[in-house]
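Peer 1: starting from these lines, generate the structure:
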Amino acid sequence: MSNWPTKKLGEYKKKDAVYFLLRDILSCFPTSVESNLISALNQHLISKELTRQILKEEVQKKSPSFRILAGALTLQKFFLIQLPRAAFYEVIDVVPELRHCFYNDPRKTIRGLSAEVILRLFIILHFECRILPGKGDQSYIEQFKEHFSKDDMKNILNAHEMCVPVRFIFERHGIDLGGGDEIQKRIENTLNEFYS
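Peer 2: Down below sits the predicted model:
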C-alpha cells in the first residue's frame, strides 16, 4: 500500500511504483491520449502532485525528456482548462519550471505548451484576483510576478508556437478583446491592470 495521499510536493523521499507509473503515462502524452484519462488524472491528488514533482525534476536534467515535459505540461494545461478556479492554487507551484521550459528549452512544442500554460495561469489569476468582486489572495499575483514581468508576458503573447489562439484564451475567461486595433489596446490594458 502506498503512503502518497497525505504528502505534499517535495516531501516524497522514496520513489515507488506509482511514481514510475506516472512517469510512463506522461511519456505517452504528446501522441494520443483520451480526454477522459486526462480528466481522471487531474481529479487525483497523487497524480497532480507527482506530475508537478516530475516536471520539477525533469527540467533539472541535462537532457530533459521531450515526452515527459510535453506530458506534464499537457496535464497542467488541461487542469487549468477543466478546473480553472481550483487549478491555479496548484499550478502556481511550477511557475519557475514553466519559465525554464519557455526560455530554455529549444523545442517548439515545449515552448508552445509552456507559453499556453503560462498565459492560461496569467488570465485565471487576473480574473480571480483583479476582476472578481472581493478579489482573491494577491500573494498569488506576487508569486507569478516574481518569475514573469510585463515584458515576459509580451514575449509569451507573441509566441507563435501556441496551439490555441491568444484571443480564445482571453475570451474563455471573460476578457473580450474586440476586433481590429482594439485587440492590442485591450491586451495592453489587461497587462497594465495585472502589473499595477
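Peer 1: just the helices from this structure, written as ranges.
Peer 2: Using DSSP state H, the helices of the chain run over residues 17-26, 35-41, 45-60, 66-82, 84-91, 95-104, 108-126, 139-147, 150-157, 166-172, 182-195.
Peer 1: ok, Val59 - contacts?
Peer 2: Taking CB atoms under 8 Å, 6 or more residues apart in numbering as the criterion, Val59 is in contact with Leu69, Glu97, His100, Cys101, Asn104. Glycine gets a C-beta too; all of them are placed from N, C-alpha and C.
Peer 1: grab the nearest non-local neighbour of the third one.
Peer 2: Think His100. Counting by CB to CB, 6 or more residues apart in numbering, Val59 is the residue found nearest to His100 once chain neighbours are left out, at 4.7 Å.
Peer 1: so for that neighbour, what's the pLDDT?
Peer 2: Note on Val59: pLDDT of 96.
Peer 1: and for Glu182?
Peer 2: 87.
Peer 1: who touches stretch 170-181?
Peer 2: Residues outside stretch 170-181 that contact it (CB under 8 Å, 6+ apart) are Pro84, Ile123, Ile124, His126, Phe127, Ile131, Arg167, Ile183, Arg186, Ile187, Thr190.
Peer 1: er, stretch 123-141 actually
Peer 2: Residues from elsewhere that reach stretch 123-141 (CB under 8 Å, 6+ apart): 80, 84-85, 87-89, 92, 144, 169-170, 172-175, 190, 193-194.
Peer 1: which ones are touching the residue minimising distance to the centre of the chain?
Peer 2: Nearest to the geometric centre of the chain sits Val117, at 3.4 Å (CA atoms, centre = their mean). Val117 makes contacts with Leu73, Gln76, Lys77, Leu80, Val91, Leu98, as judged by CB under 8 Å, 6+ apart.
Peer 1: as a markdown table, these with neighbour count would be great.
Peer 2: Supplementary listing: the contacts of Val117 in a markdown table, determined by neighbours: other CB atoms under 10 Å:
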| residue | neighbour count |
| --- | --- |
| Leu73 | 28 |
| Gln76 | 28 |
| Lys77 | 22 |
| Leu80 | 24 |
| Val91 | 24 |
| Leu98 | 25 |
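Peer 1: least trustworthy helix or strand in this protein by mean pLDDT?
Peer 2: Each helix and strand of the chain was given a mean pLDDT (mean pLDDT, DSSP states H and E); the minimum falls on helix 35-41 at a mean of 62.
Peer 1: can I get the buried part of the contacts of stretch 123-141 as one ChimeraX selection?
Peer 2: With 16 or more other CB atoms under 10 Å as the criterion, this ChimeraX line picks the buried residues out of the contacts of stretch 123-141:
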select :80,84,87,88,92,144,169,170,173,175,190,194
